[in-house]
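> Kindly return the folded structure for what I paste below:
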Amino acid sequence: MFFFTADEHYAHDRIRLYTNRPFASVEEMDEEIIRRHNSVVGDGDIVVHVGDFTLIHHAETVYKRYVSRLKGKHIFIRGSHDRWVPQNCVSLWEQKIGSQVVVACHYAMRVWPKSHYGSWQIYGHSHGRLPPIGKQHDVGVDNNDFTPVSFEKLTEIMAKREDNPNLIRKRLESGPAGASDQEEEA
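Numbering: from 1, shown residues only. Here you go, the predicted structure:
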């Protein structure tokens with residue numbers, strides 16, 4: 001099973017103020033995000049972290065303090081504050097899950113790979129403050145009760161969303177560009 005999350009900001013005390021997180025301390029925040037993660041993710045699940053995992057710069061510390069305590073197998077996408085991940089860490093992740101293409105990037109995009117064919121884009125960075133366009137969802141913890149979002153939950157969310165604005169099917173249904181203007185003139 002796939003899960004998606006972003007913007008955990010482990011060990012980042014000021015994020016509580018910036019995003020109005022309901023925790024009395026950074027330690028309480030970290031522990032509760034870990035607890036909620038482990039309450040839904042299993043050891044064999046794949047978790048895609050879509051940026052801003054922590055401000056800590058040393059990978060060994062990050063693994064010891066956080067990653068080792070989280071269930072699942074982890075994929076990290078580079079965000080604004082991820083200096084601890086290797087330089088070759090990707091900024092854009094594209095994966096077909098079943099028949100659905102999912103594109104993950106820390107930042108929301110207007111268009112993304114295969115968006116014109118109905119792919120989904122998941123993002124973070126905005127802490128729940130940026131509305132989606134088409135088949136997008138902010139998977140950041142601030143937008144999802146501090147809990148990773150399963151692929152199944154994403155499927156429910158996306159079923160209620162409008163099609164991507166650049167979906168080819170829409171253009172084909174309305175005919176070639178300018179066709180309605182030509183019909184009016186005739």
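> need the longest helix for the chain.
If each helix of the chain is counted by residues according to DSSP state H, the longest one is helix 26-40.
> Which secondary structure elements does it sit against?
With contacts defined as 3 or more Cβ pairs under 8 Å, 6 or more residues apart in numbering; DSSP states H and E, the secondary structure elements packing on helix 26-40 are helix 15-18. Just so you know, the C-beta spots here come from the backbone N, C-alpha and C atoms, and that holds for glycine as well.
> hmm, try it at 10 Å
With contacts defined as 3 or more Cβ pairs under 10 Å, 6 or more residues apart in numbering; DSSP states H and E, the secondary structure elements packing on helix 26-40 are strand 2-5, helix 15-18.
> Now mean pLDDT, distance to Val67 and mean neighbour count too, for these, in JSON lines please.
Putting the helices and strands packed on helix 26-40 into JSON lines (pLDDT from 0 to 100; distance: least, Cβ to Cβ, whole Å; neighbours: other Cβ atoms under 10 Å) gives the following:
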{"stretch": "strand 2-5", "mean pLDDT": "98", "distance to Val67": "13", "mean neighbour count": "24"}
{"stretch": "helix 15-18", "mean pLDDT": "95", "distance to Val67": "19", "mean neighbour count": "15"}
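> quick one, which of these is nearest to Arg69?
Relative to Arg69, the nearest member of the helices and strands packed on helix 26-40 by Cβ to Cβ is strand 2-5, separated by 14.4 Å.
> For the closest one, list the C-alpha coordinates in PDB.
C-alpha atoms of strand 2-5 as PDB (Å, rounded to 0.1, in the frame of the first residue of the first chain):
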ATOM      1  CA  PHE A   2       1.200   3.500  -0.800                       C
ATOM      2  CA  PHE A   3       0.900   6.500   1.600                       C
ATOM      3  CA  PHE A   4       1.800  10.100   1.000                       C
ATOM      4  CA  THR A   5       2.700  12.900   3.400                       C
END
